[in-house]
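Chemist: Predicted model, plus sequence, below.
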Amino acid sequence: METARLRAFVETVEKGSVKAAADSLGYTPSAISQLITALEKELGITLFTRSQKGMRPTTEGREMLPLVRAYLTHEEELYTFAAELKGITRGKLTIASYPSIATTWLPEIVRRFKNDYPGIQISLMESIKSDIFRRFEQNEADLAFLAYSEPMPYEWIPLSKTGVIAAVPEDHRLAGAGSFPIKECENEDFIMGSWGKEMEILEILERNDVHPEIKYTTYDTPASLAMVRMGLGISYVNELSAQFWNEHLVKMPLDPPQTITLGVAFPSREHMTGAARKFLDYTLSYFGR
């Protein structure tokens, strides 16, 4: 099976049009169309619905997508390994990460890694936990940086603990206190990230028998903290994610203190690409492992 046909298929799904896929891969739109048509004939199924609005994958095309990505990943493993044997490292690496880790730990780890392996292309996708798991399921990510919570269906290495804090408006009645009683959120308008399904925060609330009324949900922490600054409520967030937010809100440790564990996850060490294995090594070195 020709790899070019598979890459044309994946790029067209991701970009939504033949022209965009052609621009990404360095082909003409006509060549991309021919590659896709040839793949459909080879497989005996229709992969796209064609219209003036673009290319939409059929049900069969959507079901094929993770399998094709996995096929291409294994091909990349082969070429990466062969390149390493020759002393020339090349390849692609896709990392999914909480925004908090993407803006704190990862820039330095990436800098160190790229200094030694400039031939590896890195894509960094900021994601919440549900997105990260979906990316693993769809073979879209090699590694992921996130907080631990049950269930964790992937291989996992803990890296560091971070405190969970309360973020309150600067004029909040408890803004001058040394800590924020964890049950006090039951008396507040509560703002929750991850569309209200921030698992590590939900686990802390459940463990402490705390049941706030969630008035607002957001995608990620910056949006939650922006709402706190506007006086719309309070939020519980991990300390790392609030590191650069220091104006017009107050950050307070919870009482009793709470922590979460942040780390790196991957679907399978056995099937990691060479680039992913090397990046994992650099990550562990960053944390003194």
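Modeler: In hand now; what should we look at?

Chemist: Am I right that Val164 sits in a strand?
Modeler: Yes. Counting by DSSP: H, G, I helix; E, B strand; the rest coil, Val164 is part of a strand.

Chemist: Pull up the gap between it and Thr261, please.
Modeler: Distance, Val164 to Thr261, using Cβ to Cβ, to the nearest Å: 11 Å. Using the backbone N, CA and C atoms, a C-beta is placed for each residue, glycine as well.

Chemist: Between those two, point out the one with more neighbours.
Modeler: Val164 (20 against 14; other Cβ atoms under 10 Å).

Chemist: for that one, which residues make a bridge with it?
Modeler: Asn238 (DSSP bridges).

Chemist: ok, it - contacts?
Modeler: Going by Cβ atoms under 8 Å, 6 or more residues apart in numbering, Val164 touches 200-201, 204, 236-239, 254, 258-260.

Chemist: Against Asp255, how distant is it?
Modeler: From Val164 to Asp255 the distance is 11 Å (Cβ to Cβ).

Chemist: just Leu72 next, same as before
Modeler: Counting by Cβ to Cβ, the gap from Leu72 to Asp255 is 50 Å.

Chemist: got the buried residues for stretch 41-54?
Modeler: Along stretch 41-54, these residues count as buried under the neighbour rule (16 or more other Cβ atoms under 10 Å): 47-48.

Chemist: Centroid-nearest residue for the protein?
Modeler: Nearest to the geometric centre of the chain sits Ala96, at 2.9 Å (Cα atoms, centre = their mean).

Chemist: quick one: contacts for Tyr98?
Modeler: Neighbour list for Tyr98: 126-129, 145-147, 220, 241, 262 [criterion: Cβ under 8 Å, 6+ apart].

Chemist: hang on, I meant Pro222
Modeler: Per Cβ under 8 Å, 6+ apart, neighbours of Pro222: 99, 245.

Chemist: and with 7 Å instead?
Modeler: Pro99 (Cβ atoms under 7 Å, 6 or more residues apart in numbering).

Chemist: Quick check: which element contains it?
Modeler: Using DSSP states H and E, Pro222 sits within helix 221-229.

Chemist: List the buried residues for that helix?
Modeler: Quick answer for helix 221-229 (16+ other Cβ under 10 Å): 221-225, 227-228.

Chemist: Nice, that's everything, thank you.
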